[in-house]
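Participant: A predicted structure for the sequence below; I have some questions about it.
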Amino acid sequence: MPNPNQPTARRITRRAAGLMAAAGLMASIAAVPTTASAQLKLDSPLHIVVGYAPGGATDRVARIVGEKLGAKLGVPVIVDNKPGAGGRLAAQQVKLTPANQNVLMLANPAVMVVAPLVFKDNNYDAERDFVPVSHVNAYDFALAVSPTLPVRELPHLLAWMRANPQQANVGVPATGSLPHFFGLMVGEKAKVQTQVIGYRGSAPLLNDLIGGQVPIAVDTEDVVIPQHNAGKLRILALSGEKRSPFAPNIPTFKEAGLDLAATGWNTFFAPATMPKDKIEQLAATIRDVMQDPDTQRKFKDSGMTPVVSSQAQTIAMLKAYKTQWAPVVQKSGYQP
């Protein structure tokens, strides 16, 4: 198990939070007007590269979108799973795609925001080697406690953590993950020294949380909410600006008394070698797919919030996101 002792991160500025809101990270689907895009037709299959094994959240997103995208593009859409190095292997491969090949990468912040900040030999530049295409879904982080811990509200948990600093360990599904850095955000905002313990995935983390081996955990909402609904653990707060539609009875951190909000996402990226006009047409086509009611239903059935975004909105979201998270990652002291 990795050394849990990590310095606390710098608090997020109000300006950064304003940028997040302006970028519309969790903007209403209805806020994006429906406009017909020029019909793009490809002459060979489109490959969507995912840096994780089949079955995970990013893989599910790729397959939902890919099914609809193929019908619009007139070619098969193939999801290529390239797991390894936390998603970085896929990025390294997609970077080298020749201009005449139809390839997109579906990636999350761990690959496109965190990794470039902490790995010196990353072998790709997230801004130089890729072009943002379309932001397609967003998700909250959940802070949950073991049923063995005698707290039921966030202020009570923070008081317990201050009174029991040696026991106040926070489990996360992996060190260097977004839940890891969000855990540090919580500690910084609450002025509590947060001791992060990294696991090898969500399954062992939740097993230990439910069994009382770790008192607190941070993970994504789609992983934790089913366990909360089953009564196996307690979620005290979710990280969105507003309550999650998947758990409307659980307060946000702001409602629970901690002025903090953050989300994760999945976004399509094209290799920088792809012609600009094709990227723009793919962005418009993916936006059309995301406006389809059946697509939105499939996302929600999978416990994920769909997002309809233009390429310009996607670029603005990423800029604001980096403004919020880069200081947290850089000041955390995290070493891979």
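Facilitator: Nice, thanks for sending it over. Predicted model only: the values in this text are computed from it and were never measured. Residues are numbered from 1 along each chain as shown.
Participant: all contacts plus neighbour counts: C-alpha atoms, from now on.
Facilitator: Will do.
Participant: And the residue nearest the centre of the chain?
Facilitator: G264 (2.7 Å; CA atoms, centre = their mean).
Participant: Packing partners of whichever helix or strand that one is part of?
Facilitator: G264 belongs to strand 263-271 when assigned by DSSP states H and E. For strand 263-271, the elements it packs on are strand 103-107, helix 109, strand 130-145, judged by 3 or more CA pairs under 8 Å, 6 or more residues apart in numbering; DSSP states H and E.
Participant: can you tell me the distance between the two ends of stretch 107-117?
Facilitator: 16 Å (CA to CA, to the nearest Å).
Participant: if we can go back for a sec, now do the strand holding G264 against strand 103-107, angle only.
Facilitator: 160 degrees (axes from the mean of the first three to the mean of the last three CA atoms, to 10 degrees).
Participant: Rounded mean pLDDT for strand 263-271, please.
Facilitator: Mean pLDDT, strand 263-271: 96.
Participant: what's the answer for stretch 69-88, then?
Facilitator: Here the average pLDDT along stretch 69-88 is 93.
Participant: coming back round to it: which one, of the helices and strands packed on strand 263-271, ends up nearest to A256?
Facilitator: strand 130-145 (11.6 Å; CA to CA).
Participant: in its sheet, what does the closest one sit against?
Facilitator: Using DSSP bridges, the strands paired with strand 130-145 are strand 216-220 (antiparallel), strand 234-238 (antiparallel), strand 263-271 (antiparallel), strand 305-306 (antiparallel).
Participant: Quick check: what element follows the longest one along the chain?
Facilitator: Using DSSP H and E, the helix or strand that directly follows strand 263-271 along the chain is helix 276-291.
Participant: Between strand 103-107 and that next one, find me the angle.
Facilitator: Using the same axes, to 10 degrees: helix 276-291 against strand 103-107 is 50 degrees.
Participant: Number of residues surrounding the spatially closest residue to D125 that is not a sequence neighbour?
Facilitator: Spatial nearest neighbour of D125, chain neighbours left out: P116 (7.0 Å); criterion: CA to CA, 6 or more residues apart in numbering. Residues within reach of P116, counting by other CA atoms under 10 Å, total 19.
Participant: sorry, back to before: ok, the residue nearest to the centre of the chain to Y139 distance?
Facilitator: 5 Å.
Participant: For N102, find the nearest of the strands paired with strand 130-145.
Facilitator: So among the strands paired with strand 130-145, strand 263-271 is nearest, using CA to CA, at 9.0 Å.
Participant: Which positions within that closest one qualify as buried?
Facilitator: T263, G264, W265, N266, T267, F268, F269, A270, P271 (16 or more other CA atoms under 10 Å).
Participant: for that strand, the distance to its chain's centre please.
Facilitator: 9 Å (CA atoms, centre = their mean, to the nearest Å).
Participant: Would you confirm that K322 contacts V113?
Facilitator: Yes - contact criterion CA atoms under 8 Å: K322 and V113 qualify, at 6.6 Å.
Participant: picking up where we left off before, which parts of the strand or helix carrying the residue nearest to D125 are buried?
Facilitator: Element membership of P116, judged by DSSP H and E, is helix 115-118. Neighbour-count burial for helix 115-118, counted by 16+ other CA under 10 Å, picks out A115, P116, V118.
Participant: quick check: mean pLDDT across that helix?
Facilitator: Helix 115-118 comes out at a mean pLDDT of 89.
Participant: Contacts made by it with the rest, please.
Facilitator: R88, N122, Y124, D125, A126, A326, V329, Q330, Y334, Q335, P336 (CA atoms under 8 Å, 6 or more residues apart in numbering).
Participant: what does stretch 139-150 give?
Facilitator: So stretch 139-150 is contacted by 179, 182, 209-212, 214-222, 224, 232-240, 244, 262-265, 304-305 (CA under 8 Å, 6+ apart).
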